[in-house]
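1. heads up, no residue letters with this:
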């Protein structure tokens, strides 16, 4: 009888789905098809920042043509939740230069997130979409 009671308690604990629930308050939760970028205020006269911003705008326009929506990162801790329930956590470091400040992350819930290299253009996005 003790073993039956112990088995029931262990089975109930194993089937407890609430222990799998993670507190996502510290993360910017992303579950939809979008591209993520930081809110950046360009410095006047900074040619590197202007070039990075121009490239970011071109890639953002290309992504919007492919039905990706814009998502401005509210936090530096991002949690991407895929359609199959898998989660990918990305901690964005403090940007060291203008190119890092203009980082774009593309996310499709069917795939893992993609960091876009602004220097490479749209070919990497085409490969991601296939």
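-> Received the coordinates, thanks. The structure presented is a predicted model; accordingly, all values stated were derived computationally and were not measured. Numbering: from 1, shown residues only.
2. Now the most centrally placed residue in the chain: which helix or strand?
-> The C-alpha lying nearest the average C-alpha coordinate of the chain belongs to residue 80 (CA atoms, centre = their mean; 4.8 Å). Per DSSP states H and E, residue 80 falls inside strand 77-81.
3. Could you check that strand and say which residues are buried?
-> Of the residues in strand 77-81, 78, 79, 80, 81 count as buried by neighbour count, 16 or more other CB atoms under 10 Å. No exception for glycine: its C-beta is placed from N, CA and C like everyone else's.
4. ok, so of these, who is nearest residue 66?
-> residue 80 (17.8 Å; CB to CB).
5. Would you mind finding the longest helix in the protein?
-> helix 47-65 (DSSP state H).
6. In terms of secondary structure, what does that helix contact?
-> strand 34-37, helix 98-101, strand 104-107, helix 123-129 (3 or more CB pairs under 8 Å, 6 or more residues apart in numbering; DSSP states H and E).
7. Tell me the confidence at residue 44?
-> pLDDT for residue 44: 78.
8. So what's the residue count around it?
-> 6 (other CB atoms under 10 Å).
9. In which helix or strand does it reside?
-> Assignment of secondary structure by DSSP H and E places residue 44 within no helix or strand.
10. Contact partners for it?
-> Residue 44 is in contact with no residue at all, counting by CB atoms under 8 Å, 6 or more residues apart in numbering.
11. Tell me the buried residues in stretch 65-74?
-> 68, 71, 73.
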